[in-house]
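Q: Give me the fold of what follows.
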Amino acid sequence: MKKTVLSLIGVAAAASAVCFYNPTTSDAPAIQVPSQQDTKVDTYSSRDTFDYFLSGLGEADLETLKTHFNTYNAGQPNAYQLDNDLFERFIQYRMSLSNLTPDNQHPFNTESLQRLNDQVLQTQSAFFSAEEQQKLFGEENMQRQLALRQLELKDRMIHQDDYDAAWEQEINTLPPVMQQSYRNAAVLSQLQATNALDEQERYLKQQALVGAEAADRLVTLRKARADFETKLEQYFQQRDAILADNNLAREQTQQALHELRQASFSASQIRRVRALESIRESQSVVQSQ
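A: Residues are numbered from 1 along each chain as shown. Alright, predicted model coming up:
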């Protein structure tokens with residue numbers, strides 16, 4: 001059930017904190033926080049662009065992120081500029097989620113989740129027109145409704161075959177892209193369930209689910225992930241030693257860390273490593289308080 005209501009629990013988490021290729025995209029450092037330096041602004045939709053800038057919260061304060069967005073937006077051709085007022089309302093909406101009242105005693109209860117969903121939709125209506133809601137949250141809202149429907153079916157259906165048939169009917173009502181997404185999610189769930197098996201049994205099960213070629217790729221991926229985790233552990237040990245060296249000036253420390261990253265990881269891995277460093281530093285600050 002926990003997996004079923006993942007999207008709803010994401011909303012509940014947001015209630016306790018402010019969470020936060022079209023042409024001519026500007027990626028100048030002046031509009032990005034450090035972890036975004038090697039990325040392009042996500043312009044797939046206005047919602048994606050809003051989320052991109054707000055994802056820097058924590059590395060920069062909200063006013064700085066607003067300035068980043070406004071600078072970026074002003075540099076776009078008129079036809080591709082986004083609505084500044086819509087961005088402001090999107091921020092206010094995110095902040096207002098802190099006023100929601102999720103049921104912490106029964107977080108996975110269907111009725112509790114339905115009430116939470118109703119609160120989210122009411123909050124959206126307070127800030128956006130129906131057209132804006134659909135544009136910003138259409139798929140997200142549909143996913144929550146579907147998650148609730150799935151819970152209702154699980155509560156009502158006694159036999160697994162009856163549930164499977166009813167759930168398949170629900171999926172068939174979705175747009176084709178979402179149908180495929182939910183079917184892929186079902187396969188992914190089955191793949192994740194193989195993690196508790198030994199290596200040989202896991203490979204055979206995965207081969208049955210996705211075929212030999214994909215199962216081989218999963219083996220390669222697991223090995224690459226394990227190698228990365230090993231390198232990361234070694235890197236953090238060396239990084240801690242550099243940070244603890246009082247004989248190094250600040251510039252020397254930063255240079256040493258830069259050289260260590262370059263020597264330890266590929267260019268594609270460094271962005272991920274820097275993000276993990278930020279998380280680790282944040283956790284250290286919290287633990288020291």
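
Q: Please make it C-alpha for all contacts and neighbour counts, starting now.
A: Fine.

Q: The stretch 51-200 of the chain: helices as residue ranges?
A: 62-74, 84-96, 110-127, 130-156, 160-172, 176-192, 199-210 (DSSP state H, counting those that start in this stretch).

Q: Pick out the shakiest of those helices, pLDDT-wise.
A: Among these, helix 176-192 carries the lowest mean pLDDT, a mean of 75.

Q: other SSEs contacting that helix?
A: helix 160-172, helix 199-210 (3 or more C-alpha pairs under 8 Å, 6 or more residues apart in numbering; DSSP states H and E).

Q: Quick one: closest of those to Asp61.
A: helix 160-172 (41.0 Å; C-alpha to C-alpha).

Q: and the closest one with helix 130-156, angle?
A: Angle of helix 160-172 versus helix 130-156, following axes from the mean of the first three to the mean of the last three C-alpha atoms, to 10 degrees, is 170 degrees.

Q: between helix 160-172 and helix 176-192, how big is the angle?
A: Using the same axes, to 10 degrees: helix 160-172 against helix 176-192 is 140 degrees.

Q: ok, and for helix 160-172, which residues are buried?
A: Tyr163, Trp167, Ile171 (16 or more other C-alpha atoms under 10 Å).

Q: and stretch 117-130, how far from the chain's centre?
A: Between the centre of stretch 117-130 and the centre of its host chain there is 22 Å, according to C-alpha atoms, centre = their mean, to the nearest Å.

Q: Same check on stretch 51-58?
A: Distance, centroid of stretch 51-58 to centroid of chain: 12 Å (C-alpha atoms, centre = their mean).

Q: Of all the residues in it, which ones are buried?
A: Asp51, Tyr52, Phe53, Leu54, Ser55, Gly56, Leu57.

Q: what do you get for stretch 132-145?
A: Buried residues in stretch 132-145, counted by 16+ other C-alpha under 10 Å: Leu136, Asn141, Gln143, Arg144, Gln145.

Q: Adding distance to Ile242, write the residues you listed out as TSV.
A: As requested, the buried residues of stretch 132-145 are exported to TSV (distance: C-alpha to C-alpha, whole Å):
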residue	distance to Ile242
Leu136	45
Asn141	47
Gln143	46
Arg144	47
Gln145	50
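
Q: Glu277: which of these is nearest?
A: Taking those together and measuring to Glu277 by C-alpha to C-alpha, the closest member is Leu136, at 31.6 Å.

Q: Now for the closest one: which residues touch it?
A: Ser46, Arg47 (C-alpha atoms under 8 Å, 6 or more residues apart in numbering).

Q: can you put the helices and strands packed on helix 176-192 in CSV and add distance to Leu232?
A: Output for these, formatted as CSV (distance: least, C-alpha to C-alpha, whole Å):
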stretch, distance to Leu232
helix 160-172, 41
helix 199-210, 23
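
Q: and Val273, which of those helices is closest to it?
A: Once the helices and strands packed on helix 176-192 are compared by C-alpha to C-alpha, helix 199-210 is nearest, at 27.8 Å.

Q: Using PDB, write out every CA atom in the closest one.
A: The C-alpha coordinates for helix 199-210 follow below in PDB (Å, rounded to 0.1, in the frame of the first residue of the first chain):
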ATOM      1  CA  GLU A 199      22.400 -13.200  -7.600                       C
ATOM      2  CA  GLN A 200      21.500 -16.200  -9.800                       C
ATOM      3  CA  GLU A 201      17.900 -16.400  -8.800                       C
ATOM      4  CA  ARG A 202      17.500 -12.700  -9.300                       C
ATOM      5  CA  TYR A 203      19.000 -12.800 -12.800                       C
ATOM      6  CA  LEU A 204      16.600 -15.600 -13.800                       C
ATOM      7  CA  LYS A 205      13.600 -13.800 -12.400                       C
ATOM      8  CA  GLN A 206      14.600 -10.500 -14.100                       C
ATOM      9  CA  GLN A 207      15.300 -12.400 -17.400                       C
ATOM     10  CA  ALA A 208      11.700 -13.700 -17.300                       C
ATOM     11  CA  LEU A 209      10.300 -10.200 -16.700                       C
ATOM     12  CA  VAL A 210      12.300  -8.100 -19.200                       C
END
